[in-house]
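> Quick one, structure for this:
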Amino acid sequence: MPEMVEIYEQALLQEIDFWARNLGSRQIESIYLGGGTPSLCSLSFLKQVLEKIHHYFKVPSPIEFTLEANPESCKKEQVKGWYQLGVNRVSLGIQSFTEENLKLLGRIHSLKESRKAYYLLRQAGFKNINFDLMFGLPGQSVGKWLEEVKMGVSLRPEHFSCYGFTLEPGTYFAEKEKDYLWPLEEEVAKMYLYGAEYLESAGYLQYEISNYARMGYNAQHNVGYWEGVDFLGLGPSAVSTIGQKRWQNPPNIKQYALEVEQGFKGLKVERIEGIKEVNEMVMLSLRTCKGLSLKKFRQKTGLNFTQIFQKSLEVLYNKGLISFRKGYVRLTRPGLLLSDSIIPQFFLEEGLCPDGDKS
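Numbering: from 1, shown residues only. Got it, this is the predicted structure:
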């Protein structure tokens, strides 16, 4: 295990060197340490990573700098160290405010540890904390979910990310699905809607399907994803999109280290252009409460969004699932709940070129 940690750390530092040589001194808008449990990394290693980033790239001050942490990894000295390194936002993987659900999810932290972690972060000076919570769990009712939301609100974090539990193929819960009593689809819908309403009444404004924040605390890093800005991912499994090119690092640490050593010559690069680029813009924009800019769509495609999708828009508008505001089309809250089935209705087909001409 120590050997793998060393391989990973050396490869990550080398990867930063590689991209600095190939991308030049670009300005960074946000930093996010996630995709696993970065809170388990040593402070000395995190310091090395940040020193390289500051050395090679333009890092404005202040900059949103988020670190994902599980409650059990929040020790006093570690938390203090993060703050001193410049981390100013922590996303805390609480997942649930009940011991029963934590055990069900296989989490090793307790409700007591979640509270302790939160207070340690506050004591260290953190003024921007996110709670990750999950709903739609086996045995969970609408009432139980709302109690969890209220418990979270009582602590007054700046941000909430609330995700519906999904059964992923090949996972434990997918294989044992019949062994659990799952809430009905209608109940899960109520959890989403009532939870959002309660958070809003408590001062947390919804700005994306799963995200809620107090005024001024929208996660800028996430907003960047939804607005389609360039992002560079570092480490195993990390995804990057620069310009119209997208690639993903190997998930295996040794394969990743080898790829770094060879200058990423084996990476498969996907081009995000034409129809694919437009549809991705539509998908990401409609996930947000701001919605899709009709002007931006026309600039990208030469097409009038409301004309080419007139029938779908009329049906969805009459059902109260979409609305129009100041040049944007957006999904209403009930619409966001059904986003997986609504958004694909607005994808362009391959026969329609982005300049609006039939090919």
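
> Quick check: the closest residue to residue 101 other than its chain neighbours vs residue 180, distance?
In this structure, residue 101 finds its nearest non-sequential neighbour in residue 137, 5.5 Å apart by CB to CB, 6 or more residues apart in numbering. Yep, even glycine has a C-beta here, placed from its N, CA and C like the rest. Going from residue 137 to residue 180 by CB to CB, to the nearest Å gives 9 Å.

> and if you look at residue 123?
Per CB to CB, residue 123 is found 38 Å from residue 180.

> Please, which helix or strand holds the most centrally placed residue in the chain?
By CA atoms, centre = their mean, the chain has its centre lying nearest to residue 222, at 5.7 Å. Taking DSSP states H and E as the definition, residue 222 sits inside helix 220-226.

> Quick one: neighbours of residue 299, just the number.
Close neighbours of residue 299, defined as other CB atoms under 10 Å, add up to 9.

> Show the low-confidence segments of the stretch 1-150 of the chain, by residue range.
1, 36 (pLDDT under 70).

> Which parts of this structure are strands?
Ranges of strands in the chain, per DSSP state E, are 30-33, 64-69, 89-95, 129-135, 159-164, 205-208, 211-213, 239-242, 245-248, 270-271, 292-293, 322-325, 328-331.

> can you redo the ones you listed as TSV with distance to residue 196 and mean neighbour count?
As requested, the strands of the chain are exported to TSV (distance: least, CB to CB, whole Å; neighbours: other CB atoms under 10 Å):
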stretch	distance to residue 196	mean neighbour count
strand 30-33	24	20
strand 64-69	23	22
strand 89-95	18	24
strand 129-135	11	22
strand 159-164	8	20
strand 205-208	6	18
strand 211-213	7	24
strand 239-242	28	16
strand 245-248	31	16
strand 270-271	34	12
strand 292-293	20	20
strand 322-325	16	14
strand 328-331	13	20
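
> Nearest to residue 52, out of the ones you listed?
strand 30-33 (12.0 Å; CB to CB).

> Which neighbouring elements make contact with that closest one?
Of the remaining helices and strands, those touching strand 30-33 by 3 or more CB pairs under 8 Å, 6 or more residues apart in numbering; DSSP states H and E are strand 64-69, helix 220-226.

> isn't residue 321 right up against residue 335?
Yes: in this structure residue 321 lies within contact range of residue 335 using CB atoms under 8 Å: 3.7 Å.

> what do the two both touch?
residue 342 (CB atoms under 8 Å, 6 or more residues apart in numbering).

> all helices of the stretch 1-150 of the chain, in order?
Along the stretch 1-150 of the chain, counting by DSSP state H, counting those that start in this stretch, helices occupy 2-23, 43-56, 76-85, 99-104, 111-124, 142-154.
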